[in-house]
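Trainee: Provided below are the primary sequence and the corresponding predicted coordinates.
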Amino acid sequence: MILARVVGTVVSTRKEPKIEGIKFLLLEKINPSNMQGKGDYLVAMDSVGAGLGEVVFYVAGSSSRMTATTEGKPSDAAIISIVDFIDINGEYVYRKDKE
Amino acid sequence: MILARVVGTVVSTRKEPKIEGIKFLLLEKINPSNMQGKGDYLVAMDSVGAGLGEVVFYVAGSSSRMTATTEGKPSDAAIISIVDFIDINGEYVYRKDKE
Amino acid sequence: MILARVVGTVVSTRKEPKIEGIKFLLLEKINPSNMQGKGDYLVAMDSVGAGLGEVVFYVAGSSSRMTATTEGKPSDAAIISIVDFIDINGEYVYRKDKE
Amino acid sequence: MILARVVGTVVSTRKEPKIEGIKFLLLEKINPSNMQGKGDYLVAMDSVGAGLGEVVFYVAGSSSRMTATTEGKPSDAAIISIVDFIDINGEYVYRKDKE
Amino acid sequence: MILARVVGTVVSTRKEPKIEGIKFLLLEKINPSNMQGKGDYLVAMDSVGAGLGEVVFYVAGSSSRMTATTEGKPSDAAIISIVDFIDINGEYVYRKDKE
């Protein structure tokens, strides 16, 4: 799973019927050692109700279809967790409640 | 899913029988923060009728077989959405109707 | 699917029994905007009879097992098309008959 | 499988129900020729009880669901081994008991 | 499939029960145009009895489970061939018997 920040949304009207009604979030991957964005973006389905600015991790590949939201959908990336804390070597590098 | 622009087409006569009759589009991945092409290209099957110049996102891997067009096909990339809007931090970075 | 040129072959005698009798081609990925090789190589199974110098595209991952040649084989890359034409923004960047 | 060092943990309360109760470790990929971190991080499920500072290898993709801990879970990375020794060309480059 | 050289081994005692008894080899990817290592390493299961210094190719992803050795195992990379010859544009760039 990869850490990323929700930075936006992607909206479309013409799309594969199976993905009608699904919300697509724009994610920017982050480097957890400094919590900065890496300038690398992807579009993910959301199974947890993530919002703008939140730090999440997503699952890629076939496993991204293994959530209630994405089952049977043509998905290759699904947010499965909104992150509260990240620690590296025993020090917090991210606390959601301090953002 | 990854954002890309349709930049061309790829035509072939000698091919795997299962992909006869499928249209192959050439995509260039884009960086949504500036909407510029990244110089990174791929060939995708199209499940939504995308046209030259349109911004789309495609699904990669086994999930690319989960559309009506690509089911049972040897596909690793399928366009599943033509993008209307992309916003980053509440600002539109792309509007199809303003292109 | 990714565009590549057939640049050689890879031959082995000691191998997994399931891949006995399969031809392995060496591919170099190409940048379609200038048709130059990218210096990035892979070995692919061939389902279409591609030959040295030809431009092809291959399918990666689990879908590479979905051809008559590769079904049930431990494959992660299979050539599924020999390319005749590539156009970008309405201009041919590659024509097989002009090579 | 890819070699990495356990550098931290990732904690969340809002998450996909299927991953409740699973521990998520933060890994940094390492270059085994010098055992240095590569500055490339990921989040992995843990099937072996790995701890902070340990060198492990993880399995990516659909195979990451093939452990007792991760079966049926939306996982794309699972630690399957805590490394004791790595040798390159007959010389130890890593011994857990000498760390 | 990707070309690599066997450069070492990885040994562990604490591991996922399904991989007990499997040998893990350390591979360095190679550039076939000059046969040099790329400084990019991975750990692979071995289905063909490869030894130190040999040039091999491995299969990645779900297909790495499709050998007698790796079936049902949490594998994402399995050596399926020990390479005898590689030619590029009709010239040998590698001959095992001349090493």
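Mentor: Nice, thanks for sending it over.
Trainee: Just list whatever residues bridge to A:L3.
Mentor: Following DSSP bridges, A:L3 is listed with bridge partners A:F57.
Trainee: Can you give me the distance of whichever residue of chain A sits closest to chain C to chain B?
Mentor: Across chain A, no residue is closer to chain C than A:S62, which sits at 8.0 Å (C-beta to the nearest C-beta). Backbone N, C-alpha and C define where each C-beta goes, glycine included. In this view, A:S62 and chain B are 5 Å apart by C-beta to the nearest C-beta, to the nearest Å.
Trainee: Check A:I88 too.
Mentor: For A:I88, the distance to chain B - C-beta to the nearest C-beta - is 26 Å.
Trainee: Quick one: residues contacting the residue of chain A closest to chain C.
Mentor: Applying C-beta atoms under 8 Å, 6 or more residues apart in numbering or on different chains, we find A:S62 in contact with B:G61, B:S62, B:S63, C:S62, D:G61, D:S62, E:S62.
Trainee: residues in chain A within reach of chain D, list them.
Mentor: Counting by C-beta under 8 Å from any C-beta of the partner chain, chain A comes close to chain D at A:1-3, A:31-33, A:47-49, A:57, A:59-64, A:66-68, A:78, A:80-90, A:93.
Trainee: What about these, which are in strands?
Mentor: Of the positions in the residues of chain A next to chain D, A:2-3, A:31, A:57, A:59-60, A:78, A:80-82, A:85-88, A:93 sit in strands, assigned by DSSP state E.
Trainee: first vs last residue of stretch A:43-56, how far apart are they?
Mentor: Length of stretch A:43-56, first residue to last, C-alpha to C-alpha, to the nearest Å: 13 Å.
Trainee: same question, stretch A:9-23
Mentor: Taking C-alpha to C-alpha, the first and last residues of stretch A:9-23 lie 8 Å apart.
Trainee: Averaged pLDDT, it. What do you get?
Mentor: Stretch A:9-23 shows a mean pLDDT of 96.
Trainee: And the contacts of it?
Mentor: A:24-26, A:43, A:45-46, A:69-70, A:72-74, B:3, B:47-49, B:57, B:66-68, B:80-87.
Trainee: Could you pick out the buried ones from the ones in strands among the residues of chain A next to chain D?
Mentor: Using 16 or more other C-beta atoms under 10 Å in any protein chain shown as the burial test, those include A:2-3, A:57, A:59-60, A:78, A:80-82, A:85-88, A:93 as buried.
Trainee: quick one: low-confidence ranges for chain A?
Mentor: Counting by pLDDT under 70, chain A shows no low-confidence range.
Trainee: now do 90
Mentor: A:98-99 (pLDDT under 90).
Trainee: What's opposite the residue nearest the centre of it in the beta bridge?
Mentor: Centroid-nearest residue in chain A: A:I79, 3.9 Å away (criterion: C-alpha atoms, centre = their mean). For A:I79, the beta-bridge partners under DSSP bridges are A:D46, A:Y58.
Trainee: show me what contacts it?
Mentor: The contact partners of A:I79, by C-beta under 8 Å, 6+ apart, come to A:V6, A:L25, A:L27, A:A44, A:M45, A:D46, A:S47, A:V48, A:A50, A:V56, A:F57, A:Y58.
Trainee: So which bits of chain A are right by chain C?
Mentor: Counting by C-beta under 8 Å from any C-beta, chain A comes close to chain C at A:S62.
Trainee: Let me know the closest of the ones in strands among the residues of chain A next to chain D to chain E.
Mentor: A:A60 (12.2 Å).
Trainee: Next up, the contacts around A:K29.
Mentor: A:I2, A:L3, A:A4, A:G37, A:K38, A:D40, A:Y41, A:L42.
Trainee: The same query, at a cut-off of 7 Å, please.
Mentor: Neighbour list for A:K29: A:I2, A:A4, A:K38, A:D40 [criterion: C-beta atoms under 7 Å, 6 or more residues apart in numbering or on different chains].
Trainee: Which one of the residues you listed sits in the busiest neighbourhood?
Mentor: Counting by other C-beta atoms under 10 Å in any protein chain shown, A:A4 has the largest number of neighbours within the contacts of A:K29, with 27 neighbours.
Trainee: A:V59 is in contact with that one, correct?
Mentor: No: judged on C-beta atoms under 7 Å, A:A4 makes no contact with A:V59 at a distance of 11.4 Å.
Trainee: that's a strand at A:G51, yeah?
Mentor: No: counting by DSSP: H, G, I helix; E, B strand; the rest coil, A:G51 falls outside a strand, being coil.
Trainee: what about it, neighbour count?
Mentor: For A:G51, the tally of surrounding residues (other C-beta under 10 Å) stands at 10.
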